[in-house]
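Trainee: sequence plus predicted model, see below.
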Amino acid sequence: DIQMTQSPSSLSASVGDSVTITCRSSRSIRSNLNWYQLMPGKAPKLLIYSASNLQGGVPSRFSGSGSGTDFTLSISSLQLEDFATYYCQQSYSSPPTFGLGTKMEF
Amino acid sequence: QVQLQESGPGLVKPSQTLSLTCIVSGDSISSGGFYWNWIRQRPGKGLEWIGQIYSSGTVSYNPSLKSRASMSVDTSENQISLRLRSLTAADTAVYYCARGVDLGDYHDLWGQGTLVTVSS
């Protein structure tokens, strides 16, 4: 299985900050990398697919980049509703695997 | 607007079989270009893909579950099901169903999840 390593595991930030989360795969996954947002009691939400494509309805302050083994999720001008846990996921080979998550906190 | 809603027993005893259902509303489960997944999150752990199924019935499972999982689809009821047998405490998790998009293999819609606790 392809291992996905996310960093940091937690991130302290404030409203208005810009942050970046990184995700590294154990081997090349081309651009087959997706980002999700999880909040307690809510349905997980797809943010970015295929490394850099913004899912419909997701604010433009979210952006993704990378290819091969190294990827980033950037959030500019953090809003209150962005304090959540973020996961990367590779869809290059089966089984699809996820990172361990990055929890964003105040 | 397509919505997914999981349902299940909440509490199951060790060694028993878990049965979960995901009802899809707002679109036909047979719509082309999609498939249906079960994904879980164990306490304090990351997300784990359990398996996927197409409306045709074609399935694929995570080998890590050692053949304990089976999925089915009921197109007349517009729902998918998961059965997980030989449960242990390690199967305690929030179980999600999610729609997969064929072109890109990402999960664009998720249910809110259902908590399953395995305990005697």
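Mentor: Yes, it's here.
Trainee: out of everything not next to it in sequence, what's closest to A:Ser28?
Mentor: Leaving aside its sequence neighbours, A:Ser28 sits nearest to A:Gly68 (C-beta to C-beta, 6 or more residues apart in numbering or on different chains; 4.9 Å). (Each C-beta comes from the backbone N, C-alpha and C, glycine too.)
Trainee: so that neighbour is in contact with A:Arg24, correct?
Mentor: No. Taking C-beta atoms under 8 Å as the definition, A:Gly68 is not a contact partner of A:Arg24, at 9.7 Å.
Trainee: so A:Gln58 sits right up against A:Leu47, yeah?
Mentor: Actually, residue A:58 is Val rather than Gln. Yes. The criterion here is C-beta under 8 Å, and A:Val58 meets it with A:Leu47 at 5.2 Å.
Trainee: quick one, what contacts the closest residue to chain A within chain B?
Mentor: Residue nearest to chain A within chain B: B:Asp105 (3.6 Å; C-beta to the nearest C-beta). Residues in contact with B:Asp105 (C-beta atoms under 8 Å, 6 or more residues apart in numbering or on different chains) are A:32, A:91, A:96.
Trainee: quick check on those: which are buried?
Mentor: The neighbour-count criterion (16 or more other C-beta atoms under 10 Å in any protein chain shown) marks A:32, A:91, A:96 among these as buried.
Trainee: can you give me the distance of B:Gly32 to B:Asp102?
Mentor: Noted for B:Gly32: a distance of 8 Å to B:Asp102, by C-beta to C-beta, to the nearest Å.
Trainee: and the pLDDT at the spatially most central residue of chain B?
Mentor: By C-alpha atoms, centre = their mean, chain B has its centre lying nearest to B:Trp38, at 2.6 Å. The score at B:Trp38 is 98. That number is its pLDDT.
Trainee: up against chain B, what does chain A have?
Mentor: Chain A has residues A:1, A:32, A:34, A:36, A:38, A:41-46, A:49-50, A:55, A:87, A:89, A:91, A:94-101 near chain B, with proximity defined as C-beta under 8 Å from any C-beta of the partner chain.
Trainee: distance between the ends of stretch B:60-78?
Mentor: 19 Å (C-alpha to C-alpha, to the nearest Å).
Trainee: which parts of it are buried?
Mentor: So for stretch B:60-78, counting by 16+ other C-beta under 10 Å, buried means B:61-62, B:65, B:68-71, B:73, B:78.
Trainee: need the buried ones among the contacts of B:Asp105 in CSV with distance to B:Arg85, pLDDT and secondary structure, can you?
Mentor: Formatted as CSV, the buried ones among the contacts of B:Asp105 follow (distance: C-beta to C-beta, whole Å; pLDDT from 0 to 100; DSSP: H, G, I helix; E, B strand; the rest coil):
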residue, distance to B:Arg85, pLDDT, secondary structure
A:Asn32, 32, 98, coil
A:Ser91, 28, 97, coil
A:Pro96, 23, 98, coil
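Trainee: ok, and what's touching whichever strand or helix holds B:Leu82?
Mentor: If you go by DSSP states H and E, B:Leu82 is part of strand B:79-84. Applying C-beta under 8 Å, 6+ apart, the set of residues contacting strand B:79-84 from outside is B:17-24, B:29, B:36, B:38, B:50-51, B:53, B:65, B:68-74, B:91, B:95, B:97.
Trainee: can we see that at 7 Å?
Mentor: Residues outside strand B:79-84 that contact it (C-beta atoms under 7 Å, 6 or more residues apart in numbering or on different chains): B:17-24, B:36, B:38, B:50, B:53, B:68-73, B:91, B:97.
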